[in-house]
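Chemist: The sequence and its predicted three-dimensional model are supplied below.
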Amino acid sequence: MSEKNTFTLTYRFRFPDGDEKVFPLELERKSCALVQAPRDVLPEWTKLGFCQCAHCPLKPAEHPHCPVAVSIVDVVEFFYDSQSVERVEVVVETEQRSATRKDARLFPAISSLIGIYMVSSGCPVLNKLRPMVRHHLPFADMDETIYRALSMYVLAQYFRQKQGLSADFDLRGLARIYQEINTLNLDFSRRLSSESKGEATTNALTSLDCFAQMIDFSISEAMLEDVEGLFSAYLGD
């Protein structure tokens, strides 16, 4: 039997009043591109030219709408009246496992959800993080995320070298990637805040930006020295 061409990541939000909201994200297995049914009508704030990110390479004539904005419309609309400090139970289901966080604050959970939408949306700035979506780790902390980002980037350099392309094993390019993501998060938050698109969602995006900044600051020689100790078995003769 042939393997399915897509896989699904599911986020379930269970609220204290018994209500539940499910966000199933269908993704192409090979590319991790988001598979999403088109909407007949899209709000004004999703247009590419509406507070377009300063370093966005897309052109409105070819891409009328921002792929990131389009991908998160349902999330933004559902949480429009929500508050960041609300408490929910969040269940994340992947092909490999199910993870639950009880009594979680709402905005970090939304942050994790929209992070997947954004990276898989087709945004050319965020595309380089797609390998991390393929093996999504629910509720990952900073150390886990840094390790996964480093592993992803070094493996990317191996593939580049294998194809005869220049490879960056000094990791300078990884810092640049997260600096560009930081710029995108700041610009995109202005897109949302200019239309008052919900306090919880705006704060979730701010949380993503803080995460990107922390990773950028953490990619240092001292941090790499800390990680190096884990690889002592590889470093002997």
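Modeler: Structure received. Numbers count the residues shown, from 1 in each chain.
Chemist: can we go C-alpha only for contacts and neighbour counts from here?
Modeler: Noted.
Chemist: tell me the strands in this structure, going along the chain?
Modeler: Here the chain has its strands, by DSSP state E, at 6-14, 20-28, 34-35, 87-93, 98-105.
Chemist: Quick check: which of those is nearest to Ala69?
Modeler: Proximity to Ala69 (Cα to Cα) singles out strand 34-35 among those, at 12.9 Å.
Chemist: Please compute how far that closest one lies from its chain's middle.
Modeler: Here strand 34-35 is found 14 Å from its chain centre; the criterion is Cα atoms, centre = their mean, to the nearest Å.
Chemist: got it, and stretch 86-96?
Modeler: Stretch 86-96 has its C-alpha centroid displaced from the chain centroid by 16 Å (Cα atoms, centre = their mean).
Chemist: pLDDT on it, on average?
Modeler: Here stretch 86-96 scores 91 as its mean pLDDT.
Chemist: same question, stretch 116-125
Modeler: Mean predicted confidence for stretch 116-125 is 94.
Chemist: got the end-to-end distance for it?
Modeler: Stretch 116-125 has an end-to-end distance of 14 Å (Cα to Cα, to the nearest Å).
Chemist: Residues touching that stretch, excluding its own?
Modeler: Contact with stretch 116-125 is made by 25, 27, 32-34, 56-57, 66-68, 71-72, 126-127, 129-130, 133, 180-181, 184, as judged by Cα atoms under 8 Å, 6 or more residues apart in numbering.
Chemist: PyMOL command to pick out the buried ones of the residues you listed?
Modeler: Remark: buried members of these, expressed as a PyMOL selection using 16 or more other Cα atoms under 10 Å:
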select buried, resi 25+27+32+33+34+66+67+68+71+72+126+127+129+130+133+180+181+184
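Chemist: Could you tell me which of the contacts of stretch 116-125 belong to helices?
Modeler: If you go by DSSP state H, the contacts of stretch 116-125 have 67-68, 71, 130, 133, 180-181, 184 in helices.
Chemist: Distance check, the residue nearest to Val92 when sequence neighbours are not counted against Val85.
Modeler: Excluding the flanking residues, the one nearest Val92 by Cα to Cα, 6 or more residues apart in numbering is Tyr11, at 4.7 Å. From Tyr11 across to Val85, the span is 18 Å (Cα to Cα).
Chemist: same deal with His65?
Modeler: 31 Å.
Chemist: So for the two, which sits in the more crowded spot?
Modeler: Neighbour count, other Cα atoms under 10 Å: between His65 and Val85, His65 has more, with 22 against 12.
Chemist: picking up where we left off before, pretty sure the residue nearest to Val92 contacts Glu93?
Modeler: Yes: between Tyr11 and Glu93 a contact is recorded at 6.6 Å, counting by Cα atoms under 8 Å.
Chemist: how near is the residue nearest the centre of the chain to Ser166?
Modeler: A centroid search over the chain (Cα atoms, centre = their mean) returns Gly115, at 2.7 Å, as the residue closest to the centre. The spacing between Gly115 and Ser166, counted by Cα to Cα, is 29 Å.
Chemist: Same check on Val133?
Modeler: From Val133 to Ser166 the distance is 25 Å (Cα to Cα).
Chemist: that older thread, counting neighbours around each, name which of Tyr11 and Glu93 comes out higher.
Modeler: More crowded of Tyr11 and Glu93, by other Cα under 10 Å: Tyr11, with 24 against 18.
Chemist: What does the nearest residue to Lys4 once chain neighbours are set aside show for phi and psi?
Modeler: Once flanking residues are discounted, Lys4 sits nearest to Arg29: 7.7 Å by Cα to Cα, 6+ apart. Backbone torsions of Arg29, given as degrees, to the nearest 10, read phi -60, psi -40.
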